[in-house]
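>>> fold the following for me, if possible:
(chains A and B)
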2 protein chains.
Amino acid sequence: MMEPRLSLVTLGVSDIARSKAFYEALGFKTAFENDKIVFLPMGGMVLALFGKKDLDGDMARENAGHGHIALAHNTRTEAEVDAIIDHAVASGGSLLKAAHKAGWGGYSGYFADPDGHAWEVAYNPYWTIDAEGRINMGL
Amino acid sequence: MMEPRLSLVTLGVSDIARSKAFYEALGFKTAFENDKIVFLPMGGMVLALFGKKDLDGDMARENAGHGHIALAHNTRTEAEVDAIIDHAVASGGSLLKAAHKAGWGGYSGYFADPDGHAWEVAYNPYWTIDAEGRINMGL
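Here you go, the predicted structure:
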C-alpha cells in the first residue's frame, strides 16, 4: 500500500531557464538547481522543472505536450484569484479561462505556464486553508 | 504573487468509478464524492478524479491523453519502491519503467494509472521525509 501523499510534481519543459524565471516571478523560490533540473519547494512537496526529453526518457515513454491533468492553487480570497492569474499572464503565462463564478459555488480561472501546463486558481468558500497553506478534508 | 504551494491535482479520467477503485486499492481514501468528481486527500492537498471531458471544458481547452508531467511519491526505504509499483500494477495500473538504481543515486520506477497518468515511485537517500510525509528542502 502507498501512503496517500504526493512528493513531487515534475513538469517537462522546453527551456529550463525560462520556466525557472516564470515560476520565480510567480513567487516560487529555487532550493536546488543544476544544468538538468530545478527544484522549487511548495509546502512539504517539490515542483521540479526538467527537460521534456529527459522526462520522457526517465518515464520511458513519449508524451504529448499537455494532458488531462490540472494543478490547482486555492486562495484565501476571491480577489487573489484575479490578481494571481493577471500576474501569471504578465509573467509569461497564457490565459486559458478568465476567472468567473463557478457552478460549484466558488470563483475560478486557469492559466497555462510557458509550456502549456495548466494551473487552476480558485477560491472555494467551503474549504479552509490553514496557516501552513494546507487543506484539511477531515481524513 | 502566488504562495508557492499546490492545493489539488486533478486527473481527467474516462471512468471515475474505475479510477476511484484504483486509487483506493493503492491506499487513498475518498473524502467526498458525487456523480461528477471524487476527492481523495493527500497530506494537506487533494487528488481529484474528474471526467476527461468535464476537465477539458473546465480548463477551456482540448487535451491530449497524457502530457509532459509526472507525479512522484517518495518512500522511506528502497524496498517500498518495488512493493508499491507491484501493488499498483496488480491493482489495474501498468508498468512504465521497472525500478532500478537511478543515475542521481536513488532507486526509482514508474507506473501509470488506468488513464495513463504517470507516477514515479522513488527512494531518495538524500531527502528526508518527516513524520507527516513532508519533504523539507530548507526554504
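>>> let me know the next secondary structure element after the top helix by length along chain A.
Scanning chain A for the longest helix, with DSSP state H as the assignment, gives helix A:78-90. Per DSSP states H and E, the first helix or strand lying C-terminal to helix A:78-90 is strand A:94-101.
>>> what lines up beside that following strand in the sheet?
Its sheet considered, strand A:94-101 pairs with strand A:107-112 (antiparallel) by DSSP bridges.
>>> distance from the chain centre to stretch A:30-40, please.
16 Å (Cα atoms, centre = their mean, to the nearest Å).
>>> contacts for it next, please.
The contact list for stretch A:30-40, computed with Cβ atoms under 8 Å, 6 or more residues apart in numbering or on different chains, reads A:16, A:19-20, A:23-24, A:28-29, A:41, A:46-51, A:54, B:4, B:137-139. C-beta: built from backbone N, CA, C; applies to glycine.
>>> and it, how far apart are its ends?
In stretch A:30-40, first residue to last residue: 5 Å (Cα to Cα, to the nearest Å).
>>> so for it, what's the average pLDDT?
Computed over stretch A:30-40, the mean pLDDT rounds to 94.
>>> mind listing what's buried along that stretch?
A:37-40 (16 or more other Cβ atoms under 10 Å in any protein chain shown).
>>> need these in CSV with secondary structure and distance to residue A:108, can you?
Listed next are the buried residues of stretch A:30-40 as CSV, based on DSSP: H, G, I helix; E, B strand; the rest coil; distance: Cβ to Cβ, whole Å:
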residue, secondary structure, distance to residue A:108
A:37, strand, 31
A:38, strand, 28
A:39, strand, 28
A:40, strand, 23
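>>> the helices in chain A, which residues?
Using DSSP H, the helices found in chain A span residues A:16-26, A:52-58, A:78-90.
>>> could I get these as CSV with mean neighbour count?
Converted to CSV, those look like this (neighbours: other Cβ atoms under 10 Å in any protein chain shown):
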stretch, mean neighbour count
helix A:16-26, 18
helix A:52-58, 17
helix A:78-90, 18
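>>> between those helices, which has the poorest mean confidence score?
Note on the helices of chain A: lowest mean pLDDT is at helix A:52-58, with a mean of 89.
>>> quick one: contacts of that helix?
A:10, A:12-14, A:36-37, A:50, A:62-63, A:115, B:68, B:70, B:97, B:110, B:120.
>>> and with 6 Å instead?
Outside helix A:52-58, the residues that touch it by Cβ atoms under 6 Å, 6 or more residues apart in numbering or on different chains are A:12, A:14, A:62-63, B:68.
>>> what mean pLDDT would you report for stretch A:110-123?
91.
>>> quote the end-to-end distance of it.
End-to-end distance of stretch A:110-123: 12 Å, with Cα to Cα as the criterion.
>>> among the contacts of helix A:52-58, show me the least confident.
Among the contacts of helix A:52-58, residue A:63 has the lowest pLDDT, at 77.
>>> nearest residue to it in space, please, no chain neighbours.
Excluding the flanking residues, the one nearest residue A:63 by Cβ to Cβ, 6 or more residues apart in numbering or on different chains is residue B:68, at 4.9 Å.
>>> and that neighbour, how many neighbours?
By the other Cβ atoms under 10 Å in any protein chain shown criterion, the neighbourhood of residue B:68 contains 27 residues.
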